[in-house]
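> Turn this into a structure:
(chains A and B)
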Amino acid sequence: MNQKYYITTAIDYINGKPHIGHSYEKVAADVLARFNRARGNETRFLTGTDEHGAKIEKFATESGVPIEQFAAEAASGFKLAWDNLNVSYDRFIRTTDEDHIKVVEELITKIKDNGYLYEADYEGLYCVGHEAFITEKDLVDGLCPEHKKAPDTIKEKNWFFKVSAFTDTIKNKIESNELVIYPEHSKKEILAMLEEGFTDLAATRPNVKWGIPVPWDKEQTVYVWVDALINYYSGGKDFWPADVHVIGPDIAKFHCIIWPALLLAADLSLPKCVAIHGFLTLNHEKISKSTGNIIDPNDWVAKYGADAVRYFLLREVPFDTHGDVSEEKLLARYDGDLANGLGNLVSRVTTLVEKNLDGVIPDGIEPTAVALNEQDIDKLIEEYKFHEALAKIWEWVAEGNKIVDENKLWELAKTDLDKFASVSKEVLLILEITAKHLQPFIPETAQKILDIVTAKKITKAEPLFPRIEA
RNA sequence: CGCGGGGUAGAGCAAUUGGCAGCUCGCAAGGCUCAUAACCUUGAGGUUGUGGGUUCGAAUCCCACCCCCGCAACCA
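Reported below is the predicted structural model:
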């Protein structure tokens, strides 16, 4: 049962700061990583930052900071956010890391040697305002709608990657589930894309300096996407192939088509699964920098704690569809589920046991039978149904509260101390099992509960989730 | 235009192969006092987007329409 498990998240592009939308993916992947470690699997969890490209070059120039420093600061911003959320990555890779660069050079050379890169001209409409190519469809009356200028037709030389050579193979592997695309609707979408055919990809850039130089053509740098995708291999060579890439829907095409094509071209095996989560909306609106509709996860963590934010994201948002978040909803989960539900149950039972049994359940007292379906939880986690797993676990919490009430535990303490001890032990056991299953989700709190309910002498617990002053 | 997802109680969501339309929050009433003014019970609240069709029976299958969201080949 000691298997290898290699999980990755998308690496974040450093043209912005981490926001709550990024957090869901990291936390979801963290649940899987912790879950697998707890099972004894040799686990590798990779996350990091994507740092090359013209856009970053521009950003750094505008902010007047040397580009290396700009990148380092941005990267540590992401790292800090994930640290604050207790994301237990084994490595935080940066695409500017030496070992990554070396692997990119090796891989792209191998792909060229295998005959899948060819030189050709790319002709397109270049908007000076965008400093990028734009498509005909973007134009309004022949002008770039944003800059009100006619684009120039520019020709540039690129090394093209023959994606088209692999589309059939990839399609077959996806259809046969040799490469699993989860969820099903994303798989369908990718297959539809493959059906339409896929043009070759310009894998290098002649005009971008901030990137990895093409080993045999120093005038060019490796296209950032190619550079970025390779992180999964460079950051976990010994663990390759990955068991799962956890990513967002915007980049599914790159992970389900281009990345497999690159791997095939380099004679490497494909990841086993690409798991695509939904996007979050914030107050029912798209999370977007331009409208300022963003939340810094650090703010929520500072106010509510890492576990509360983790719980909220995982409970509120189903993995495979879009979900809406807001501070209001977070607070509702915090009060309703965490404070009133779980936290309060721990408080009331520990208080009763301390007060009436001096904190010790006497030897020989057996708990009333506890029947909780633990297998269900593991299955749901394996199927990325984190919100359902948590809902099921919270049924146990409700059961615990119900048992206390229906037995009138506070009365039993006075009328039938043996039964009091027995029912108390039952509730403590429920909490122990609950905490055990909560470990991947809310590791700090789960450990606290385990310590509290398995202590030799139980003492009244401090509130696990104290009321937040508004 | 195309591809994909969706429209179910005030809000957020669920309903294996068609078979009494459920859950959470909120709201209302009652109970309890161990607990973080927490907990437990009960109740109200729905013509399942619209219009047709198939069927003994449709949220579910078929047709048409309306509305929302995502994607749409170098936007990292």
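
> Close to RNA strand B: what parts of the stretch 301-450 of chain A are there?
When proximity is defined as Cβ under 7 Å from any atom of the strand, the stretch 301-450 of chain A approaches RNA strand B at A:318, A:321-324, A:332, A:336, A:338-344, A:346-348, A:351-352, A:355, A:398, A:401-402, A:404-406, A:408-411. No exception for glycine: its C-beta is placed from N, CA and C like everyone else's.

> Mind checking which of those are buried?
Those of these that meet the buried threshold are A:318, A:323, A:338-339, A:341-344, A:346-348, A:352, A:401, A:404, A:409, by 16 or more other Cβ atoms under 10 Å.

> which residues of the stretch 101-250 of chain A fall in helices?
Under the criterion DSSP state H, counting those that start in this stretch, the stretch 101-250 of chain A contains helices at A:167-175, A:184-196, A:224-229, A:231-234.

> Give me the mean pLDDT for stretch A:30-46.
On average, the pLDDT along stretch A:30-46 is 96.

> follow-up on the earlier one: now go through the buried ones among the residues of the stretch 301-450 of chain A next to RNA strand B and say which are in strands.
Using DSSP state E, residue A:323 are the members of these that sit in strands.

> which of the buried ones among the residues of the stretch 301-450 of chain A next to RNA strand B lies closest to residue A:467?
Sorting these by how near they are to residue A:467, with Cβ to Cβ, puts residue A:339 at the top with 6.5 Å.

> what pLDDT does that closest one get?
Note on residue A:339: pLDDT of 96.

> In the stretch 1-150 of chain A, where is pLDDT below threshold?
A:1, A:126-150 (pLDDT under 70).

> The closest residue to RNA strand B within it bridge partners, please.
Using Cβ to the nearest atom of the strand, the single residue of the stretch 1-150 of chain A nearest to RNA strand B is residue A:122, 3.8 Å away. Residues in a beta bridge with residue A:122, per DSSP bridges, are residue A:156.

> Enumerate every residue touching it.
Taking Cβ atoms under 8 Å, 6 or more residues apart in numbering, we find residue A:122 in contact with A:155-158, A:160, A:202.

> Give the ChimeraX command for selecting the buried subset of these.
Listed next is the ChimeraX selection for buried residues among these, using 16+ other Cβ under 10 Å:
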select /A:156,158,160,202
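
> What is the burial count for the nearest residue to residue A:125 once chain neighbours are set aside?
Distance criterion Cβ to Cβ, 6 or more residues apart in numbering; nearest residue to residue A:125, sequence neighbours excluded, is residue A:151 at 3.9 Å. Residue A:151: 23 surrounding residues under other Cβ atoms under 10 Å.

> pLDDT score assigned to residue A:151?
Per-residue confidence (pLDDT) for residue A:151: 71.

> what subset of the contacts of residue A:122 is also close to RNA strand B?
For RNA strand B, the contacts drawn from the contacts of residue A:122 by Cβ under 7 Å from any atom of the strand are A:158, A:202.

> from the contacts of residue A:122, which is closest to residue A:381?
Lowest distance from residue A:381 to the contacts of residue A:122 (Cβ to Cβ) belongs to residue A:202, with 40.1 Å.

> what's the closest one in contact with, if anything?
Contact analysis of residue A:202 by Cβ under 8 Å, 6+ apart lists A:122, A:158-161, A:223.

> Could you work out the most separated pair of the contacts of residue A:122?
Greatest spatial distance among the contacts of residue A:122 (Cβ to Cβ): A:155 and A:160, at 13.8 Å.

> Can you mark which positions in stretch A:299-306 are buried?
Buried residues in stretch A:299-306 (16+ other Cβ under 10 Å): A:300-301, A:304-306.

> The residue lying closest to residue A:341 once chain neighbours are set aside: how many residues sit nearby?
Nearest-residue entry for residue A:341: residue A:397, 4.9 Å, with adjacent residues in sequence omitted and distances by Cβ to Cβ, 6+ apart. If you count neighbours by other Cβ under 10 Å, residue A:397 ends up with 22.

> Now do the same contact list for residue A:397.
A:337, A:341-342, A:345, A:434.

> can you tell me which of these lies nearest to RNA strand B?
Nearest to RNA strand B among the contacts of residue A:397 is residue A:341, at 5.9 Å by Cβ to the nearest atom of the strand.

> unless I'm mixing things up, that closest one is touching residue A:402, no?
No: checked against Cβ atoms under 8 Å, the pair residue A:341 and residue A:402 is beyond contact range at 11.6 Å.

> how much space is there between whichever residue of the stretch 301-450 of chain A sits closest to RNA strand B and residue A:310?
As assessed by Cβ to the nearest atom of the strand, RNA strand B sits closest to residue A:343 within the stretch 301-450 of chain A, at 1.8 Å. Distance, residue A:343 to residue A:310, using Cβ to Cβ, to the nearest Å: 15 Å.

> Near residue A:234, how many other residues are there?
That count, for residue A:234 with other Cβ under 10 Å as the rule, works out to 21.

> which residue packs closest to it, ignoring adjacent ones?
If the residues on either side of it in the chain are set aside, residue A:234 comes closest to residue A:103, at 3.6 Å by Cβ to Cβ, 6+ apart.
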